[in-house]
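Trainee: please find the sequence and the predicted model below.
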Amino acid sequence: MTNILIVDHFLGEERRERIWDYLDQPGWTHGAYSSAAPDAPRYFYKHFAGYQQSAHEARDPAAIAAELAMMAPPIAAVWTDLLRKPLRGQQLSRCYANRMPMGIGGGVHLDSDCKEHLTAIYYPQAAWNADHGGETLFFNRAGSEVLKAVVPKPDRLVIFPGTIPHAARPIYGGAPDAARITLMFKTLGRRS
């Protein structure tokens, strides 16, 4: 799967720590879910900018980026870094963070039905190993086979088309933090 880009050491340790500290503050809202199943596990989220309910909302990408800069300046600085290279020319549609408590994972889902729409997931935790779980799994179209697993290593960024089925796996006992925190940037595609 060459259309999944992994960038390690994306921000550097000092900035990674600042982003973690910024995200690991009060203000989380409970109720996010990633599966259409009515009994899907709920987890915590922080919405920073962009679409909240549907991609059909009338939103201007420039206004979304301005909203991010106003609401979460440290997160807006990460968006600026993404625009410099890995997401050059993309337009922000949504930015938010998820916090999944130990034992809670997400369901297999798509972020978009448009192959030009990309998702960037940033993993800000300080330490991780494979025994802690928390991987992002990528599946075939039918959702019946895992094609790639991305371990949430500190300061790792993964970028992929929103049309790839994926899911967050829960973290397990022994993880250094009691939650899996991820920062998401969703894009609308290249500017013309």
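Mentor: That came through, no problem.

Trainee: how many residues are close by the residue lying closest to Ala40 once chain neighbours are set aside?
Mentor: Once flanking residues are discounted, Ala40 sits nearest to Tyr33: 4.2 Å by C-beta to C-beta, 6 or more residues apart in numbering. Where C-beta positions appear, they are placed from N, C-alpha and C, glycine not excepted. Using other C-beta atoms under 10 Å, Tyr33 has 17 neighbouring residues.

Trainee: what residues are up against Tyr33?
Mentor: Ala40, Pro41, Arg42, Tyr43, Gly106, Gly107 (C-beta atoms under 8 Å, 6 or more residues apart in numbering).

Trainee: same question, Arg42
Mentor: His30, Gly31, Ala32, Tyr33, Ile104 are the contacts of Arg42 under C-beta under 8 Å, 6+ apart.

Trainee: show the pLDDT at it.
Mentor: Model confidence at Arg42, given as pLDDT, is 84.

Trainee: what does it show for phi and psi?
Mentor: phi -100, psi 150 (degrees, to the nearest 10).

Trainee: same check on the one 4 residues further on?
Mentor: With angles defined as degrees, to the nearest 10, Lys46 shows backbone torsions of phi -130, psi 120.

Trainee: show me where pLDDT drops low in the chain?
Mentor: 1-2, 52-59, 174-177, 190-192 (pLDDT under 70).

Trainee: in it, which spans are strands?
Mentor: 5-7, 29-32, 43-50, 90-101, 118-123, 136-139, 146-150, 156-161, 166-168, 179-190 (DSSP state E).

Trainee: which one of the ones you listed lies nearest to Pro61?
Mentor: Closest to Pro61 of these is strand 90-101 (C-beta to C-beta; 3.7 Å).

Trainee: ok, the closest one: who's next to it in the sheet?
Mentor: strand 43-50 (antiparallel), strand 179-190 (antiparallel) (DSSP bridges).

Trainee: now those strands as a markdown table including distance to Ile64 and mean neighbour count?
Mentor: As requested, these are exported to a markdown table (distance: least, C-beta to C-beta, whole Å; neighbours: other C-beta atoms under 10 Å):
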| stretch | distance to Ile64 | mean neighbour count |
| --- | --- | --- |
| strand 43-50 | 4 | 21 |
| strand 179-190 | 9 | 21 |
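
Trainee: for those, give me CSV that also has distance to Trp79.
Mentor: What follows is the strands paired with strand 90-101, written out as CSV (distance: least, C-beta to C-beta, whole Å):
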stretch, distance to Trp79
strand 43-50, 9
strand 179-190, 6
